[in-house]
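Asks: My questions are about this predicted structure, shown below with the sequence.
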Amino acid sequence: MLAVALVAGLLAALFAARWLSTQSVGGGRIVVAALDVEVGAKIGPEALKTVEWPRGSEPPGAFDDPAKLQGRVARSSLTRGEPVLEGKLAPVGTKGGLSAVVQEGKRAMTVRVNDVVGVAGFALPGNYVDIMVNTQNQQQGSESRDAQDKAISKIVLERILVLAVAQEANRDDTKPKVVNAVTLELTPDQAEKLDLARSVGTLSLVLRNQVDPQPGGTAGATKDSLLQTVSTAAPVVVPRPVQVAPRRTAPTVAAPVQAPAPAQQCVEVIRGTTRTNECF
């Protein structure tokens, strides 16, 4: 039994060594980041290195040669040891800086904020915000109404990507930063609306969930809707019908029916020159 156990152990070690040799022969190498790379930075040779990676399990878009990445710009931040993928790089020929982060067909626009407008510094690069404007609704009421009665707050742009705060575009930092300017990624149409909104009223940023694509669809808040006022006109009172009891009249007593008088028999009597009628 001891000899059988010894032979079985030798066979197991032989099979394990052969399996490890086949795995090492079938392995490959991919390019990973040797240093932390910020958004919009050019990738230099010192920021790259190659590591062994199991063949057949390489992530899509990976590179096997660092020379293919010379001069490329990072569209999103890379951490040390992270594989460098094509999806995280700007197109070939893109210059470094914030312009490399802006997607095709979009524009970058900066708005002035403060600790209140900027959601106390929680509007960080990579977050999505809604833009709300407070202005005067000229179509509401007459010209003699108070300006506060015509004030309206309305969300004019939704799900806007924050590209940078002040001069920082790093999306890995989650610590709130109170800054005086925020750069947003907008379409040309949204950029025109934002420029008009900040000229006709005051702007506020509303932080939203990153995975919530549903639009708000609100009609805006006014003083009347805020206070939930109702019309002060006097209500029309409809009189309730009054039921009148029928009047009681005295019963009518029928008059006694008189019997017809019996027929009389009359005789004319002549006395000399006098004539009279005698009835019986």
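Replies: Perfect, I can see it now. Please read all numbers here as calculations on a predicted model, not as lab measurements.
Asks: Would you verify that residue 18 is located in a strand?
Replies: No. Looking at residue 18 with DSSP: H, G, I helix; E, B strand; the rest coil, it is helix, so not inside a strand.
Asks: And it, how far from residue 271?
Replies: Distance of residue 18 to residue 271, computed by CB to CB, to the nearest Å: 184 Å. Where you see a C-beta, it was placed from the backbone N, CA and C, and this is true even at glycine.
Asks: need the strands for the protein, in chain order.
Replies: Assigned by DSSP state E, the chain shows strands spanning 28-33, 48-53, 107-112, 128-136, 151-165, 181-186, 202-208, 221-222, 266-271, 274-279.
Asks: name the helices or strands packed onto the third one?
Replies: Put plainly, it is strand 107-112. With contacts taken as 3 or more CB pairs under 8 Å, 6 or more residues apart in numbering; DSSP states H and E, strand 107-112 sits against strand 181-186, helix 188-200.
Asks: Show the low-confidence segments of the stretch 101-250 of the chain, by residue range.
Replies: Applying pLDDT under 70 to the predicted model, the residue ranges of the stretch 101-250 of the chain that meet it are 139-149, 172, 229-250.
Asks: Contacts made by stretch 8-23 with the rest, please.
Replies: The contact list for stretch 8-23, computed with CB atoms under 8 Å, 6 or more residues apart in numbering, reads residue 54.
Asks: distance between the ends of stretch 32-50?
Replies: Using CA to CA, to the nearest Å, the gap from the first to the last residue of stretch 32-50 comes to 6 Å.
Asks: Mind listing what's buried along that stretch?
Replies: Within stretch 32-50, the residues that qualify as buried are 32-34, 37, 39-43, 47-49, counting by 16 or more other CB atoms under 10 Å.
Asks: can you redo those residues as CSV with pLDDT and distance to residue 68?
Replies: Formatted as CSV, the buried residues of stretch 32-50 follow (pLDDT from 0 to 100; distance: CB to CB, whole Å):
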residue, pLDDT, distance to residue 68
32, 93, 14
33, 92, 14
34, 91, 16
37, 87, 16
39, 82, 21
40, 82, 20
41, 85, 18
42, 86, 14
43, 89, 11
47, 90, 14
48, 91, 10
49, 92, 14
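Asks: tell me which of the residues you listed is nearest to residue 156?
Replies: residue 39 (27.3 Å; CB to CB).
Asks: Skipping its backbone neighbours, what lies nearest the closest one in space?
Replies: Distances taken as CB to CB, 6 or more residues apart in numbering put residue 169 closest to residue 39, at 4.6 Å, once the chain neighbours are dropped.
Asks: was I right about the one you found contacting residue 125?
Replies: Yes. If you go by CB atoms under 8 Å, residue 169 and residue 125 touch, sitting 5.2 Å apart.
Asks: Between residue 18 and residue 271, tell me which one has more neighbours.
Replies: Using other CB atoms under 10 Å, the more surrounded residue of residue 18 and residue 271 is residue 18, with 10 against 7.
Asks: most neighbours per residue, which of the helices and strands packed on strand 107-112?
Replies: Ranked by average neighbour count under the criterion mean count of other CB atoms under 10 Å, the helices and strands packed on strand 107-112 are headed by strand 181-186 at a mean of 21.
Asks: Who are the contact partners of residue 102?
Replies: Counting by CB under 8 Å, 6+ apart, the residues that residue 102 touches are 108, 163, 185.
Asks: Not counting sequence-adjacent ones, nearest residue to the last one?
Replies: So that's residue 185. Taking CB to CB, 6+ apart, and ignoring the residues beside it in sequence, residue 185 has residue 161 as its nearest neighbour in space, at 4.3 Å.
Asks: okay, now that neighbour: neighbour count?
Replies: 19.
Asks: what's the distance between it and residue 173?
Replies: For residue 161, the distance to residue 173 (CB to CB) stands at 16 Å.
Asks: Residue 157 contacts residue 190, doesn't it?
Replies: Yes. With contacts defined as CB under 8 Å, residue 157 counts as touching residue 190 at a distance of 5.6 Å.
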